[in-house]
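J.: let's see this in three dimensions:
(2 chains)
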Amino acid sequence: MADGSQANKARATYLAIAGITKSFGGFTALKDVGFEVLDGEFVCFLGPSGCGKTTLLRIIAGLESQTTGSIVQGGRNVSALPPAERDFGIVFQSYALFPNLTVAENVGYGLVSRGRARKETEARVGELLALVGLPDSGPKYPAQLSGGQQQRVALARALAISPGLLLLDEPLSALDARVRVRLRHEIRALQRRLGITTIMVTHDQEEALTMADRIVVMNHGSIEQIGTPMEVYRRPASPFVADFVGSMNFLDGKVAASGRIGVGSLELGCGGAADGLGVGAAVKIAIRPEDVAVRGVAPGAANALGVKVAGLDFLGAFCRATLKPTAAGAPEFVADFSINLMRDLGVAEGAALTVALPEDRLRVYAA
Amino acid sequence: MSASLGRSPSAARPVRRKIAGEDWVAIVAVGALAVYLFVTVALPLWALLSKSFQNKDGAFVGLTNFVQYFQNPTLSQSIFNSVWVALATTAIVVPLAFVYAYGLTRSCVPLKGLFRSLALIPILAPSLLPAISFVYLFGNQGIAKGLLGGQSIYGPIGIVMAEVFYCFPHALMILVIALAIADQRLYEAADSLGASRRRIFFTVTLPGAKYGLINAAFVVFTLVVTDFGIPKVIGGRFNVLATDIYKQVIGQQQFEMGAVVGLILLAPAVLAFAVERLIQRKQVALLSARAVPYQPKPATAFDAVMFLYCLLIAGLLSAVLLVAAWGSFIKFWPYNLSLTFANYMFENFDSAGWSSYWNSIEMSFWTSVVGTSVIFAGAYLIEKTKVFDSLKALTQLIATLPLAVPGLVLGLGYIFFFNHPANPFGFLYGTMAILVLNTVAHFYTVAHLTATTALKQMDAEFEAVSASLKVPFWTTFVRVTVPVCVPAILDIGIYMFVNAMTTVSSVIFLYSTDTKLASVAVVNMEDAGMTAAAAAMAMMIVYTSAVARIGNLVFGQVLLRRTQAWRKR
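T.: Below is the predicted model of the structure:
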C-alpha cells in the first residue's frame, strides 16, 4: 500500500470536487464535500444507506444537480453540464439493461447513435464482450443471462464509448455472495488493465477494502475520512469510521495522566494516542477484536488484564469471545481467537485468561 | 493546481444547470401536454364552475342559482331519488359481485375464464342496453310483465334492475383484485391455529377485502348517480339528477341550472375519488413482496355451490344481453315474434340512419389513436423526464381529475367553454374533433394510470443510462420504452375504443347533425318509441366492441409472439 500511494503522487488529478452541497428543501443531503481523484485511480464511496454517497455519484454524473459547488473533470469545468455533455460511463445496481434488446444491441447502444459504421460497431461490441468474458452471448436477451452475466454486460455497455470516468453505483449488491466475490476481482483487474478512473459506491466495507485504491468514508452527508484501505482500517479518523469499517470494541474511560487512561478500576497506557486531550477528559478507547493479544502475555505486562470468557460464538475460521474483565467497573469486550489458539490455550466458556490490549493498537477518541 | 480548485468565490454560488438541446425538447413537450390538459379538462370544468355562480347575462350572482334550485321541490326531490336508487343498487350489486369474485378467486370452480368473460359483458354495452332489455321483458308490452305483480318497470324498479346489470362488472373487477391478493401463509397460520372456515372468513378474508368492498361500494354509487342512459330510457316520470341536467340544458336551455346540477353531481364522484386514492395507498401495504399467493384447494360441496351461483349470475347477465339481441331481430314485439333484419335498416327510423354508427366508429378510432398516443407519451413525460417539475406535478393532478368528473358534467363544461364567443378554439364546436377531445378527456385518468403503472415497472435508470451513452431520450423512448410497454399500450387502446363506442353521457351535449353517434341514436330512437331499432343500434355497439376486443386480443398475441421473444427466459 505504501508504494501504491507513492505511485499516486506521480499521477495527475483527474477529477476535482469542491464545496459540493445538496439540499432538498430543508434537508441537507451533502455538506460541503470536496476531494480529488487521481488519473486511473479506483475510489470507493463507503457509508451507510442515506449517507449521501449515491447522491454524490449522481451529481458527478450530472444526473442530479448540486445546490452549490464545482466539479472539474479532466481540466474541464462540468459543474453545470447535463449528463449528455459529460464524459462518463455508469453501471447501476439494477443493471438497467434494455430488456427488449439483445446483449450485442445493448452493448452497441451508445455506439450506433454516434454514427459509426456497422462493421466497426460490431467489431467493437465483440471486443467488449470478449473483454468481460461473454464472447458468445451477443445474440441472447438479458433475461436469458444470470445476474452476474447481466452486470458484466452492463459494464461492457458503459465501457463501449470509452469514457474517461467509470461510475459504479452499488454494482454488486444485487448478486449472491459467491458471484459478488468473483466479480469484485474481475472488475478490479479490468479497471487496472484499462487504467480507467473509477468511482464505486458501496455500503459493503469488505468490497471497499478489497477493491479501492482509496476509500472515501461518508456519514450524514459529510466525508469522515479519505485514505487507503489500510489507513482507514488501521487508523480510523473517527469513532464512526472505526465502528463502520470492521468490528471495533469501544471502552469508555477518562484520561488519568499523560498517556494513561482509566477504565473502571483499570488503567491502560495508550502511548501518544490521547495527546491533545486534557487530564480528566472523557474518552472512548477503541481496539479491534483481532488485536487483543493472548499468547505470551504474562500477568503484570503492559496493559495486561485478567478476564473471564463470558461467551463464545463459533464463526468458522475463528471464534469471537466475549471477555469480562475481573477488575471492577471495566466493561465487557470481544476478541477474535483463531481455532488454533483456542486449542493451544484451552479457551472455553468460563475459563480465566490474561490478555493484553497492546498500546500501539489502541485508538483514543474524545467522547 | 489546488489553488485554482480550492474555494473560489464561485463555489458558493448556487449552480444553475445548463439546459441542453435535449432538455428543450422535453420542456416544450411537457408544456404542450400541460396546454392540452388545460384546454380539454381544466378550463371546461372551470367554465362550468363559474357558470353556476352567474345569471343568464353572465353577471356574478353568488349562490342565487343554488338557492333557486333547492327551493324548487321537483328539482331537489331528484337528489333524494338519485341517492336512494344509488344506495339500493349498491346494496344489491356489491354482495352479488363479492360472492361471484369469491367463487372466481377462492374456489376451484371450473371454467373460471369463461365466467370471468361473461361477467364482463356489460362493459361492452352502453348503459342503455339493459334498460331496453328490461323494457322488453317487463315494459308495457313486456313478455314477463306479470312477474312484477302490477308494479311498473318505468321508475325506480327498472332503474335499479338495469343499474345492477350495468355496474356488476365494475364492482366485480375491484373485488376480484381485492380477493386475489391474499397471502397463503395467513390462511395456513389460521388453519394451524385450528380456526374454523367460518372464523377464517370473518377474521382473515373479509378484513383483507375490506378496502376492495369500500372502494366497490363508492364506485357503484357514483356510477349510478351519474349514469344518464338508464334513467333516460326506463326512468319514466321518476326524476334523477342525471336526467334533470339534460332536461334543464337541452329541454329548457337553463344553462345556469344545468351547471348547478352538474356541481351537485360532482360531489359523490369527488368523494368516491378521494376514497379510492386513500384506499389505494393502504392496499399497497397490505401485501408484502414476499407474500405467497393464495392457492384455493378443491372442496367438492363448496365448489359445487359456487359453480351453481356463478352459472346463475352469468346466465342472468347473458340473458339480459340476449333479450336485447333477440328483440332487435323481432318484427313486432310481442305480437309477431318472427325474425327480421328490418330493425337494422336505420334509415327507416332515424334520418341519420347508419351514418351515426359510422360516426361512432370514426370517433372511437380517433379516440383510441389520439388518446393512446397523448396519454402514453404524456405519462412518459411526467414519469421520466427531469424538467419542469412544478408544471409536471400540476399536469399530473389534472390528468387524475377526469376520474372524478361524470360525463354529463364534463360535456356541459365543454358547451360552456368551447361555445363561448371569445374562445379561439370555438371552431371545434360541433365537429368530430371536439367529440374525440371530449372522450379522450373523459376516460383520461384510468388510461393514464395504466400507462404510469407500466412505466413505473421499468428500470428507473434507463434514461440515465441513455444520457451517459449520449443517446437522446426520444431514441430510448422509441427503441425501448414503447416496445416494452406494448401490452399496456394495447390495453389503453382497446379501453379508449370500447368506452368511446358505448359512452352517451358527455357526447349527448356535443354532437351535431353531422356527427351524431350510435349511442345518441339509441337514446333518440328509444325516445321516439322505436325500441326495436334502438335495441338494434345498441347491439351494433355491442358487436363492434366485442369484435374490437377480440381483435385486440388476437393482434396482441401475434404481436407479442413476433416482437417480444425477449420476455421468455
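
J.: what ranges of the stretch 251-400 of chain B fall below the confidence cut-off?
T.: By pLDDT under 70, the weakly predicted segments of the stretch 251-400 of chain B are B:282-292.

J.: that one: helices as residue ranges?
T.: If you assign secondary structure with DSSP state H, counting those that start in this stretch, the helices in the stretch 251-400 of chain B sit at B:255-286, B:300-328, B:355-384, B:389-400.

J.: quick one: residue A:12 from chain B, how far?
T.: When distances are taken as C-beta to the nearest C-beta, to the nearest Å, residue A:12 and chain B turn out to be 8 Å apart. Every C-beta, even on glycine, is put in place using the N, C-alpha and C of the backbone.

J.: so who does the nearest residue to that residue once chain neighbours are set aside touch?
T.: Distance criterion C-beta to C-beta, 6 or more residues apart in numbering or on different chains; nearest residue to residue A:12, sequence neighbours excluded, is residue A:39 at 5.1 Å. Residues counted as contacts of residue A:39 (C-beta atoms under 8 Å, 6 or more residues apart in numbering or on different chains) are A:11-14, A:197.

J.: quick one: which of those is nearest chain B?
T.: residue A:13 (6.1 Å; C-beta to the nearest C-beta).

J.: return the set of residues that bridge with that closest one.
T.: On the basis of DSSP bridges, residue A:13 is bridged to residue A:38.

J.: need the residues of the stretch 101-250 of chain A near chain B, please.
T.: Selection of the stretch 101-250 of chain A residues close to chain B by C-beta under 8 Å from any C-beta of the partner chain yields A:101-102, A:109-110, A:113-114, A:141-144, A:157-158, A:160-161, A:163.

J.: switch to 10 Å and redo it
T.: The stretch 101-250 of chain A has residues A:101-102, A:105-106, A:108-114, A:140-145, A:154, A:157-158, A:160-161, A:163, A:167, A:169 near chain B, with proximity defined as C-beta under 10 Å from any C-beta of the partner chain.

J.: go through those and flag which are in helices.
T.: The helices in this structure, assigned by DSSP state H, contain A:105-106, A:109-112, A:154, A:157-158, A:160 from these.

J.: which of those has the most neighbours?
T.: Each of these was scored by neighbour count (other C-beta atoms under 10 Å in any protein chain shown); the top score is that of residue A:157, with 30 neighbours.

J.: now do the SS call for residue A:16.
T.: When states are read from DSSP: H, G, I helix; E, B strand; the rest coil, the local structure at residue A:16 comes out as strand.

J.: hmm, which of the contacts of residue A:39 are the buried ones?
T.: Those of the contacts of residue A:39 that meet the buried threshold are A:13-14, A:197, by 16 or more other C-beta atoms under 10 Å in any protein chain shown.

J.: I'd like those residues written out as CSV, with pLDDT added.
T.: Below are these laid out as CSV (pLDDT from 0 to 100):
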residue, pLDDT
A:13, 92
A:14, 94
A:197, 95
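
J.: mind putting those residues into JSON lines with distance to residue A:61?
T.: What follows is the buried ones among the contacts of residue A:39, written out as JSON lines (distance: C-beta to C-beta, whole Å):
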{"residue": "A:13", "distance to residue A:61": "19"}
{"residue": "A:14", "distance to residue A:61": "15"}
{"residue": "A:197", "distance to residue A:61": "13"}
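
J.: related to what we said a few turns ago, now the residue nearest to residue A:12: how far from chain B?
T.: Residue A:39 sits at a distance of 12 Å from chain B (criterion: C-beta to the nearest C-beta).

J.: please, which helix or strand holds residue A:353?
T.: Counting by DSSP states H and E, the element that carries residue A:353 is strand A:352-356.

J.: quick one: mean pLDDT over that strand.
T.: When pLDDT is averaged along strand A:352-356, the result is 89.

J.: chain center to that strand: distance?
T.: The chain centre lies 33 Å from the centre of strand A:352-356; the measure is C-alpha atoms, centre = their mean, to the nearest Å.

J.: what of stretch B:333-345?
T.: Per C-alpha atoms, centre = their mean, the displacement of stretch B:333-345 from the mean C-alpha position of its chain is 33 Å.

J.: end-to-end on that stretch?
T.: 17 Å (C-alpha to C-alpha, to the nearest Å).

J.: and the contacts of that stretch?
T.: For stretch B:333-345, the external contacting residues (C-beta atoms under 10 Å, 6 or more residues apart in numbering or on different chains) are B:135-136, B:139, B:141-143, B:145, B:326-332, B:348-349, B:353-354, B:357, B:525, B:530-537, B:539-540.

J.: got the confidence number for the residue in the stretch 251-367 of chain A positioned nearest to chain B?
T.: The shortest separation between the stretch 251-367 of chain A and chain B is 26.5 Å, found at residue A:276 (distances taken as C-beta to the nearest C-beta). In this prediction, residue A:276 carries a pLDDT score of 77.

J.: likewise for residue A:273?
T.: Residue A:273 carries a pLDDT value of 76.

J.: and the residue of the stretch 101-250 of chain A nearest chain B?
T.: Checking the stretch 101-250 of chain A residue by residue against chain B with C-beta to the nearest C-beta singles out residue A:110 as nearest, at 3.0 Å.

J.: quick one: that residue and residue A:163 touch, right?
T.: Yes - the pair residue A:110 and residue A:163 qualifies as a contact (C-beta atoms under 10 Å) at a distance of 9.3 Å.

J.: which residues are in contact with both of these two?
T.: A:89, B:468-470.

J.: in the stretch 201-350 of chain A, which spans are helices?
T.: For the stretch 201-350 of chain A, the helices defined by DSSP H, counting those that start in this stretch cover A:205-211, A:229-234, A:239-244, A:339-345.

J.: just these: most buried one?
T.: The highest average neighbour count among the helices of the stretch 201-350 of chain A, using mean count of other C-beta atoms under 10 Å in any protein chain shown, belongs to helix A:239-244 at a mean of 21.

J.: okay, now the unreliable bits of the chain?
T.: Going with chain A. Scanning chain A with the threshold set as pLDDT under 70 gives A:1-10, A:113-116.

J.: sorry, should have said chain B
T.: When the per-residue scores of chain B are filtered using pLDDT under 70, the ranges that remain are B:1-12, B:282-292, B:568-569.

J.: pick out the residue of it closest to chain A.
T.: For chain B, the residue positioned closest to chain A under C-beta to the nearest C-beta is residue B:469, at a distance of 3.0 Å.

J.: grab the nearest non-local neighbour of that residue.
T.: In space, residue B:469 comes closest to residue A:110 once its chain neighbours are excluded; the distance is 3.0 Å by C-beta to C-beta, 6+ apart.
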